[in-house]
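Asker: Got a predicted structure here, sequence first:
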Amino acid sequence: MKYIIQFSGGCASSFVAKWVVDTYGKENVILLFHDTKAEHPDAYRFRKQVSEFIGVPITEVSDGRSLWELIWYNHALPSHFIPFCTRMLKQEPAERF
(Lines give C-alpha, C1' and ligand atoms only; values in the text may rest on other atoms or scores of the structure.)
Protein backbone atom coordinates (compact mmCIF):
# COMPACT_ATOMS: atom_id res chain seq x y z
CA MET A 1 0.00 0.00 0.00
CA LYS A 2 1.27 3.47 -0.88
CA TYR A 3 0.66 6.46 1.38
CA ILE A 4 0.26 9.68 -0.59
CA ILE A 5 1.20 12.83 1.29
CA GLN A 6 -0.07 16.12 -0.15
CA PHE A 7 3.35 17.68 0.31
CA SER A 8 3.38 21.47 0.38
CA GLY A 9 6.67 21.50 2.24
CA GLY A 10 5.18 23.44 5.12
CA CYS A 11 5.51 22.47 8.76
CA ALA A 12 2.45 20.20 8.90
CA SER A 13 3.01 18.25 5.67
CA SER A 14 6.73 17.89 6.46
CA PHE A 15 5.94 16.48 9.91
CA VAL A 16 3.33 14.10 8.51
CA ALA A 17 5.72 12.96 5.76
CA LYS A 18 8.44 12.16 8.32
CA TRP A 19 5.99 10.37 10.60
CA VAL A 20 4.54 8.25 7.76
CA VAL A 21 8.06 7.34 6.53
CA ASP A 22 9.09 6.35 10.08
CA THR A 23 5.89 4.33 10.54
CA TYR A 24 5.46 2.64 7.14
CA GLY A 25 8.84 2.94 5.38
CA LYS A 26 10.01 5.29 2.68
CA GLU A 27 9.30 2.74 -0.05
CA ASN A 28 5.59 3.09 0.77
CA VAL A 29 5.40 6.89 0.62
CA ILE A 30 4.71 9.29 -2.25
CA LEU A 31 5.31 13.01 -1.65
CA LEU A 32 2.81 14.64 -4.01
CA PHE A 33 3.50 18.31 -4.74
CA HIS A 34 1.40 20.76 -6.74
CA ASP A 35 3.24 23.90 -7.84
CA THR A 36 1.01 26.96 -7.62
CA LYS A 37 3.80 29.17 -9.00
CA ALA A 38 3.05 31.67 -6.22
CA GLU A 39 5.38 30.52 -3.46
CA HIS A 40 8.40 32.13 -1.92
CA PRO A 41 11.58 30.81 -3.61
CA ASP A 42 12.88 29.52 -0.27
CA ALA A 43 9.91 27.13 -0.05
CA TYR A 44 11.39 25.12 -2.95
CA ARG A 45 14.72 24.83 -1.12
CA PHE A 46 13.09 23.72 2.12
CA ARG A 47 10.83 21.20 0.34
CA LYS A 48 13.90 19.67 -1.36
CA GLN A 49 15.78 19.48 1.95
CA VAL A 50 12.88 17.68 3.66
CA SER A 51 12.63 15.26 0.74
CA GLU A 52 16.34 14.48 0.94
CA PHE A 53 16.25 14.18 4.75
CA ILE A 54 13.46 11.58 4.75
CA GLY A 55 14.76 9.85 1.61
CA VAL A 56 11.67 10.15 -0.56
CA PRO A 57 11.66 11.99 -3.91
CA ILE A 58 9.03 14.61 -4.66
CA THR A 59 6.44 13.69 -7.27
CA GLU A 60 5.12 16.84 -8.93
CA VAL A 61 1.69 16.80 -10.49
CA SER A 62 0.68 20.36 -11.35
CA ASP A 63 -2.03 22.08 -13.34
CA GLY A 64 0.58 24.21 -15.09
CA ARG A 65 -1.17 27.51 -14.55
CA SER A 66 -0.18 30.06 -11.95
CA LEU A 67 -2.39 31.48 -9.24
CA TRP A 68 -2.52 34.77 -11.17
CA GLU A 69 -3.64 33.01 -14.35
CA LEU A 70 -6.52 31.43 -12.42
CA ILE A 71 -7.51 34.78 -10.93
CA TRP A 72 -7.68 36.20 -14.47
CA TYR A 73 -9.54 33.14 -15.82
CA ASN A 74 -12.14 33.20 -13.00
CA HIS A 75 -12.46 37.02 -12.82
CA ALA A 76 -12.28 36.76 -9.03
CA LEU A 77 -9.92 36.62 -6.10
CA PRO A 78 -9.88 33.25 -4.34
CA SER A 79 -10.97 32.97 -0.72
CA HIS A 80 -12.34 30.33 1.61
CA PHE A 81 -15.77 31.19 0.16
CA ILE A 82 -14.63 30.69 -3.46
CA PRO A 83 -11.64 28.32 -3.25
CA PHE A 84 -11.14 27.78 -6.98
CA CYS A 85 -7.35 27.96 -6.68
CA THR A 86 -7.20 25.08 -4.17
CA ARG A 87 -9.59 23.04 -6.28
CA MET A 88 -7.91 23.70 -9.63
CA LEU A 89 -4.25 23.80 -8.58
CA LYS A 90 -4.25 21.06 -5.91
CA GLN A 91 -7.38 18.92 -5.59
CA GLU A 92 -8.06 18.20 -9.27
CA PRO A 93 -4.42 17.32 -10.13
CA ALA A 94 -4.28 15.06 -7.06
CA GLU A 95 -7.46 13.28 -8.10
CA ARG A 96 -6.09 12.73 -11.62
CA PHE A 97 -2.90 11.30 -10.12
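Answerer: Cool, the structure landed.

Asker: Could you check how far His34 is from Gly25?
Answerer: Distance of His34 to Gly25, given as Cβ to Cβ, to the nearest Å: 24 Å. Just so you know, the C-beta spots here come from the backbone N, C-alpha and C atoms, and that holds for glycine as well.

Asker: got it, and Arg87?
Answerer: 32 Å.

Asker: what's near enough to touch Tyr24?
Answerer: Tyr3 (Cβ atoms under 8 Å, 6 or more residues apart in numbering).

Asker: ugh, wrong one, I meant Gly25
Answerer: With Cβ under 8 Å, 6+ apart, Gly25 has no contacts at all.

Asker: Please apply the same query to Ile5.
Answerer: So Ile5 contacts 13, 16-17, 20, 29-32 (Cβ under 8 Å, 6+ apart).

Asker: which one of the residues you listed sits closest to Glu95?
Answerer: Comparing the contacts of Ile5 against Glu95 with Cβ to Cβ picks out Leu32 as the nearest, at 11.0 Å.

Asker: The closest one is in contact with Phe97, isn't it?
Answerer: Yes - taking contacts as Cβ atoms under 8 Å, Leu32 lies within contact range of Phe97: 6.3 Å.
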